[in-house]
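>>> Sequence and computational prediction follow.
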Amino acid sequence: MNVTERPPRGGPRRVTVVLDAVTKVYGRGEGQVRALDQVSLGLPEGSFTAVMGPSGSGKSTLMHCAAGLDAPTSGQVTLVGRPLAGLSEDALTELRRDQVAFVFQSYNLVPTLTVTQNVALPMILSGRAPDLRRVEQAIARVGLAERAAHHPGQLSGGQQQRVALARAIATGAAVLFADEPTGALDTVTAAHILGLLRAAARDTGQTIMMTTHDPVAASYADQAVFLVDGRIADRIEHPTAEAVAGRLTRLAPPRLAVR
Ligand SMILES: Nc1ncnc2c1ncn2[C@@H]1O[C@H](COP(=O)(O)OP(=O)(O)OP(=O)(O)O)[C@@H](O)[C@H]1O
């Protein structure tokens, strides 16, 4: 893998996430499913990648392997320069805690905690004193400074997702994995969240991998990667929604509807 594969701003950018011939097989015998098949992919620091493909094509599996939540059957994943295969369970947990953040479709906020407390939670759980300035900055960045003392139940879906995003930004993690982050949101709110994700990549240098079924969401990314049957079937740099929709129609088997 070429580690300087993108034109840099002021110097070569390191590749934060590297998947090298990653294969993931679930089950055995006749029930065996090859969810990923020899997938190689490099995500440069500060890049924003959309992973697309029909239902069951391996998007979640790819994300779980890239984040060190699931071990590949064969192949290598390297996160922030550390090959995951060689790490002990403790070292892997520590690496995930310090370098990886998640945003999910379902927000995953703690209802009994305020916005500030939710954003500070990963720091508290990792045994560190929460950096309140950083927490406040992240909340301000997503435009919720005036809601810092509110609870998730007092916020709209889009506002809750902004809290989840602030939580991911505040950790300072090198890589942010977003699993269908706008799947439950209307188009205007989704556009706001996607703009914030793009800004996080551009301004804070976080590397973002997002799964999505939505061509418009993918158009916010620097590149769209298309999975079909666990393989990378195509890739578009600087994708437009039209180009992505066209590629999905061509790549998806006719019997499968692309959600
Ligand atoms: N724990 C598991 N055990 C067995 N098979 C699994 C497991 N997890 C996923 N699979 C299978 O692996 C394949 C890829 O699944 P994956 O969830 O990665 O797809 P996806 O593209 O994220 O789908 P969707 O868009 O529907 O969320 C599917 O055939 C799925 O049934």
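Done, it's in.

>>> check contacts around the residue lying closest to Leu227 once chain neighbours are set aside.
Leaving aside its chain neighbours, Leu227 sits nearest to Gly53 (3.6 Å; criterion: CB to CB, 6 or more residues apart in numbering). All C-beta spots, glycine's among them, are computed from the backbone N, C-alpha and C. If you count contacts by CB atoms under 8 Å, 6 or more residues apart in numbering, Gly53 has them with Lys59, Phe226, Leu227, Val228, Ala233, Leu251, Ala252.

>>> what's around the residue nearest to Ser47 when sequence neighbours are not counted, how many residues?
Nearest residue to Ser47, sequence neighbours excluded (CB to CB, 6+ apart): Asp222, at 5.1 Å. Around Asp222 there are 19 other residues, counting by other CB atoms under 10 Å.

>>> still on that earlier bit, can you tell me which of the contacts of Gly53 are up against the ligand?
Residues of these in contact with the ligand (CB under 6 Å from any ligand atom): Lys59.

>>> Which of the contacts of Gly53 fall in helices?
Judged by DSSP state H, the contacts of Gly53 include Lys59, Leu251 as members of helices.

>>> Can you tell me which of the contacts of Gly53 comes closest to Ala218?
Phe226 (9.5 Å; CB to CB).

>>> Please, which helix or strand holds Met209?
Applying DSSP states H and E as the criterion places Met209 in strand 207-211.

>>> Check which element follows that strand along the chain.
helix 215-218.

>>> name the helices or strands packed onto that following helix?
Judged by 3 or more CB pairs under 8 Å, 6 or more residues apart in numbering; DSSP states H and E, the packing partners of helix 215-218 are strand 48-52, helix 187-204, helix 241-251.

>>> What distance do you get for the residue nearest the centre of the chain to Thr211?
By CA atoms, centre = their mean, the chain has its centre lying nearest to Phe177, at 1.9 Å. Distance of Phe177 to Thr211, computed by CB to CB, to the nearest Å: 8 Å.

>>> what sits in contact with each of these two?
Met63.

>>> returning to that earlier point: and the pLDDT for the residue nearest to Leu227?
Predicted confidence (pLDDT) for Gly53: 93.

>>> Could you list the contact residues of the stretch 51-200 of the chain toward the ligand?
Counting by CB under 6 Å from any ligand atom, the residues of the stretch 51-200 of the chain that sit close to the ligand are Gly53, Ser55, Gly56, Ser57, Gly58, Lys59, Ser60, Thr61.

>>> Now do the same contact list for the fifth one.
Meaning Gly58. Taking CB under 8 Å, 6+ apart as the definition, contacts of Gly58 comprise Lys24, Ala35, Leu36, Val39, Leu227, Asp229, Gly230.

>>> Can you flag which of those belong to strands?
Lys24, Ala35, Leu36, Val39, Leu227 (DSSP state E).

>>> between these, which is closest to the ligand?
Ala35 (3.4 Å; CB to the nearest ligand atom).

>>> ranking the ones in strands among the contacts of Gly58 by neighbours, who comes first?
Leu36 (29 neighbours).

>>> quick one, helices of the stretch 1-150 of the chain?
For the stretch 1-150 of the chain, the helices defined by DSSP state H, counting those that start in this stretch occupy 59-66, 89-99, 115-125, 132-141.

>>> so which of these comes closest to Gly75?
helix 59-66 (8.5 Å).

>>> Which other helices and strands does the closest one contact?
Looks like helix 59-66 contacts strand 15-26, strand 33-44, strand 48-52, strand 74-79, strand 175-179, strand 207-211 (3+ CB pairs under 8 Å, 6+ apart).

>>> Would you mind putting the CA coordinates of that helix into PDB?
What follows is helix 59-66 as a C-alpha-only set of coordinates in PDB (Å, rounded to 0.1, in the frame of the first residue of the first chain):
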ATOM      1  CA  LYS A  59     -20.500  -2.600   4.800                       C
ATOM      2  CA  SER A  60     -20.900  -3.200   8.500                       C
ATOM      3  CA  THR A  61     -18.400  -6.100   8.500                       C
ATOM      4  CA  LEU A  62     -15.900  -3.800   6.800                       C
ATOM      5  CA  MET A  63     -16.400  -1.100   9.400                       C
ATOM      6  CA  HIS A  64     -16.200  -3.600  12.300                       C
ATOM      7  CA  CYS A  65     -13.000  -5.100  11.000                       C
ATOM      8  CA  ALA A  66     -11.500  -1.600  10.300                       C
END
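
>>> Noted, bye for now.
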